[in-house]
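> return a 3D structure for these sequence lines:
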Amino acid sequence: MSSDRKTLEERAQMTDIERLRHSSAHVMATAILRLWPDAQFAYGPPIENGFYYDFEMKHRVTPDDFEKIEAEMKKIAKENQKFESRVVTRDEAMTLAESGRLGGLTDRPGNPSRFKLDLIEKIPLDEPISCYQNGDFIDLCAGPHVGYTSKCKNIKLMSVSSSFYMGDESRGQLQRVYGTAFESKELLEDHLQRLEEAKRRDHRRLGRELGLFHIDEMVGQGLILWKPKGALVRRSLQEFITQELDKQGYSQVFTPHIGKLDLYRTSGHFPYYQESQYPAIAERDVLDRLADEDASCASLINGLSDGTYEGYLLKPMNCPHHIKIYASEHHSYRDLPVRLAEFGTVYRWEQSGELGGMTRVRGFTQDDAHLFCTPDQVAEELTGCLDLVKKVFHTLGMNDYRVRLSLRDPASDKYVGSAENWDKAEAAIRHAVKTLGVEYTEELGEAAFYGPKIDFVVKDVIGRDWQLGTVQVDYTLPVRFGLTYIGPDNAPHVPVMIHRAPFGSLERFTGLLIEHFEGKFPAWLAPEQVRVIPISEKTMEAAEKVTARFADAGIRVSIDRSSDKVGAKIRNARLERVPYMVVLGQKEVDEGTVSIRQRDSEELITRPLEEFLESLLHHIATRQL
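Numbers count the residues shown, from 1 in each chain. Here you go, the predicted model:
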């Protein structure tokens, strides 16, 4: 049982690995109780890649305790205890909880199972109540579980943290221990090895060590400061996508970071999604008037929400601004499609606990575009959007990806627009995605409120899934904003709108690339492409000239003027992930050559300077990996 309570039907659909991890949570609880009998357990569900259990007790668990907890868990696995289920009445369940037996190994007079008492109250009256027992441990649980504890021998405790019962800070702080479990020792070891690899590639650590980005508490959580080196990576990505957009006939636009509330009321973003947006900003005269009236904050918030007061919003999406650019001119069917693109920064209010480096932020820049076309052009425009996403992935060596079609749930009322237009949009994206020739799945209820979408899920070099590029078909917002074009019949028609963002966001995409390449960007992306290393002071003047030649050719180059020995200079360049080191001694100066050492090679190759420069420029221009 967890704070996000699943139905019995959902529980019955647990996979084998989820059952194993659910059972392992019970084994961990049994082990903790053997060591600290006063522990009061709340809930312990399986989660992605593992399980956890929330509990309260006097002893504060630390990672130093993990070894003895794991040892006790392995003893319980060897005991091969059977997981047995029994249905009890509500009164029987309450009696077990009041005695402290529920979530315990024995009766605990004067120490009732207070979390279990509360959880029993939350079980619907028409739902049967069941308990699971392994050995002496009895827990309030609807299951399912594996047959015996012997299945739970390949376990590892991962971390400990604080939590709040039902996520409510007012109800006291609990301890949460996370663990994982697998069917075999080999699978567990593979998982732990991947986690170590993920730590080694963590973009937060690498971003700091390589000087790519910074997050400052005084600026605000989730707001990225791009440092000069990180800005060069970002600029290279933007130049790459801009070149592709130019080929496809896009027009670049720029829009403000803020807009009037009426704009977002019309689009539907406000007030329905207030929980994921920064608070609305009232106009100054409204604030002054309400202050004079000694009005409450609630009256201001309510007035902004219902339209009594005008205000502004940090833009959560770029599409309303692009719509207004389209609407600023008259359009004929001969003008369509209109393709508007922008590296537009948007703002979302993420909970502080959900923020993480560059991959989960509160302000981010999308490589956003909106296409306005006739219904007959939808298929061709979708194909162009999908080709662009494929081009991005192929260029960056991300060839292992799948596609997810996010469709509306007909039973939900969160969507806007007619069922007829939704059917058209979903048919269009189904047709388009089939042309990709890749695996795809359909997921009901995952569509945006205004239209279905195609999401690209990329698998990185260590097997993790990342949701990146997206393409959406939208018959709804053009209607809400009254967009038209004049058709061949000389009558007004409503255009279809396509939203697309191959990178998703530059912040998230860059975070992924840092981890994907382990900071070793290909030369075209690297913030520093060449490091010139003079062997001694005698070749410094020649090294300066070589550096200037690279810079004149557009290469991002620096020179190591330190007094370090050559080996140390090479080591420093490699630690900073510079793709090419150009070593210059007297022999190279006399012969007009350079000795080149690649980042991951021990070999020095000597070539004429201009020959190397020409090959390097070709390597960068063609964006080779």
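> would you confirm that residue 472 belongs to a strand?
Yes. Using DSSP: H, G, I helix; E, B strand; the rest coil, the assignment for residue 472 is a strand.
> hmm, residue 454 and it touching each other?
Yes. Taking contacts as C-beta atoms under 8 Å, residue 472 lies within contact range of residue 454: 7.4 Å. The way it works is simple: take the backbone N, C-alpha and C, and place the C-beta from them, glycine included.
> where does the stretch 251-400 of the chain have low pLDDT?
For the stretch 251-400 of the chain, no stretch is flagged by pLDDT under 70.
> please disregard the earlier target; I meant the chain.
The chain contains residues with pLDDT under 70 at 1-9, 11.
> quick check: phi and psi at the residue minimising distance to the centre of it.
Among the residues of the chain, the one closest to the centroid is residue 359, at 4.9 Å (C-alpha atoms, centre = their mean). When read as degrees, to the nearest 10, the backbone of residue 359 gives phi -90, psi -10.
> ok, now how distant is it from residue 467?
Using C-beta to C-beta, to the nearest Å, residue 359 is found at 11 Å from residue 467.
> wait, what's in contact with the nearest residue to residue 106 once chain neighbours are set aside?
Nearest non-adjacent residue to residue 106, counting by C-beta to C-beta, 6 or more residues apart in numbering: residue 136, 6.7 Å away. Going by C-beta atoms under 8 Å, 6 or more residues apart in numbering, residue 136 touches 30, 105, 106.
> just the ones in helices from these, please.
Taking DSSP state H as the definition of helices, those contribute residue 30.
> can I get the contacts of residue 136 in CSV including distance to residue 168 and neighbour count?
Output for these, formatted as CSV (distance: C-beta to C-beta, whole Å; neighbours: other C-beta atoms under 10 Å):
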residue, distance to residue 168, neighbour count
30, 27, 23
105, 28, 17
106, 30, 13
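> dump the contacts of residue 136 into a markdown table; add distance to residue 408 as well.
As requested, these are exported to a markdown table (distance: C-beta to C-beta, whole Å):
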| residue | distance to residue 408 |
| --- | --- |
| 30 | 45 |
| 105 | 49 |
| 106 | 52 |
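> right, and residue 572 touches residue 558 too?
No. Counting by C-beta under 8 Å, residue 572 does not reach residue 558; the two are 11.1 Å apart.
> picking up where we left off before, surely the residue nearest to the centre of the chain and residue 506 touch.
No. Taking contacts as C-beta under 8 Å, residue 359 lies outside contact range of residue 506: 11.7 Å.
> can you get me a residue count around the spatially closest residue to residue 370 that is not a sequence neighbour?
Spatial nearest neighbour of residue 370, excluding adjacent residues (C-beta to C-beta, 6+ apart): residue 322 at 4.3 Å. Look at residue 322: counted by other C-beta atoms under 10 Å, it has 25 neighbours.
> and for the one 3 residues further on?
Applying the criterion other C-beta under 10 Å, we find 17 residues in the vicinity of residue 325.
> residue 557 now?
Residues lying near residue 557 (other C-beta under 10 Å) number 21.
> over to the one 5 residues further on?
Look at residue 562: counted by other C-beta under 10 Å, it has 11 neighbours.
> return the residues in contact with it.
Residue 562 sits in contact with residue 569, where contact means C-beta under 8 Å, 6+ apart.
> please redo it, this time with the cut-off set to 10 Å
For residue 562, the contact set (C-beta atoms under 10 Å, 6 or more residues apart in numbering) comprises 533, 534, 568, 569, 572.
> in ChimeraX, how would I select the buried members of those residues?
Here is the ChimeraX command that picks out the buried ones among these, judged by 16 or more other C-beta atoms under 10 Å:
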select :533,534,569,572
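> looking at the contacts of residue 562, which are in strands?
533, 534 (DSSP state E).
> which among the contacts of residue 136 gets closest to residue 226?
Compare each of these with residue 226 using C-beta to C-beta and the shortest gap goes to residue 30, at 49.6 Å.
> my guess is the closest one meets residue 83, correct?
No. Here residue 30 does not reach residue 83: they are 11.1 Å apart, not a contact under C-beta atoms under 10 Å.
> quick one on the thing from earlier: residues shared between the contacts of residue 359 and residue 467?
Listed as contacting both residue 359 and residue 467 by C-beta under 10 Å, 6+ apart are residue 508.
> where do the strands sit along the stretch 251-400 of the chain?
With DSSP state E, counting those that start in this stretch as the criterion, the stretch 251-400 of the chain has strands at 251-252, 258-260, 281-282, 311-314, 338-347, 363-373.
> got CSV for the ones you listed, with mean neighbour count too?
Putting those into CSV (neighbours: other C-beta atoms under 10 Å) gives the following:
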stretch, mean neighbour count
strand 251-252, 13
strand 258-260, 17
strand 281-282, 17
strand 311-314, 20
strand 338-347, 20
strand 363-373, 24
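> residue 405: how many residues sit nearby?
Neighbourhood size, residue 405 [other C-beta under 10 Å]: 20.
> pretty sure it sits in a strand.
Yes. Assessed with three-state DSSP, residue 405 lies in a strand.
> ok, back up a step: can you list residues touching both of residue 472 and residue 454?
Joint contacts of residue 472 and residue 454 (C-beta under 10 Å, 6+ apart) are 382, 385, 406, 429, 500.
> tell me which residues in the helix or strand containing residue 574 are buried?
If you go by DSSP states H and E, residue 574 is part of helix 566-575. Residues of helix 566-575 classed as buried by neighbour count (16+ other C-beta under 10 Å): 569, 570, 572, 573, 574.
> for the second one, list the residues it contacts.
Taking C-beta under 10 Å, 6+ apart as the contact definition, residue 570 lies against 531, 533, 560, 564, 578, 581, 583, 597, 602, 604.
> could you rerun that using 7 Å?
Neighbouring residues of residue 570 by C-beta atoms under 7 Å, 6 or more residues apart in numbering: 533, 581, 597.
> my read is that residue 596 contacts residue 605, right?
Yes. With contacts counted by C-beta atoms under 7 Å, residue 596 reaches residue 605, the gap being 5.1 Å.
> same drill for the two, tell me which one is more crowded.
The residue with more neighbours, out of residue 596 and residue 605, is residue 596; 20 against 11, by other C-beta under 10 Å.
> ok so that one is a strand residue?
Yes. The assignment for residue 596 by three-state DSSP puts it in a strand.
> chain neighbours aside, what residue packs nearest to residue 356?
Closest residue to residue 356 apart from its sequence neighbours, by C-beta to C-beta, 6+ apart: residue 204 at 7.7 Å.
> ugh, typo on my part, it should be residue 229
residue 527 (3.8 Å).
> neighbours around the one you found, how many?
Neighbours of residue 527 (other C-beta under 10 Å): 22.
> and what of the one 4 residues further on?
Other residues within reach of residue 531, judged by other C-beta under 10 Å, total 24.
> now do the helix or strand where it lies against helix 566-575, angle only.
In this assignment (DSSP H and E), residue 531 forms part of strand 530-534. Compare the direction of strand 530-534 with that of helix 566-575 by axes from the mean of the first three to the mean of the last three C-alpha atoms, to 10 degrees and you get 170 degrees.
> so which elements touch strand 530-534?
Here strand 530-534 touches helix 540-552, strand 557-559, helix 566-575, strand 580-584, going by 3 or more C-beta pairs under 7 Å, 6 or more residues apart in numbering; DSSP states H and E.
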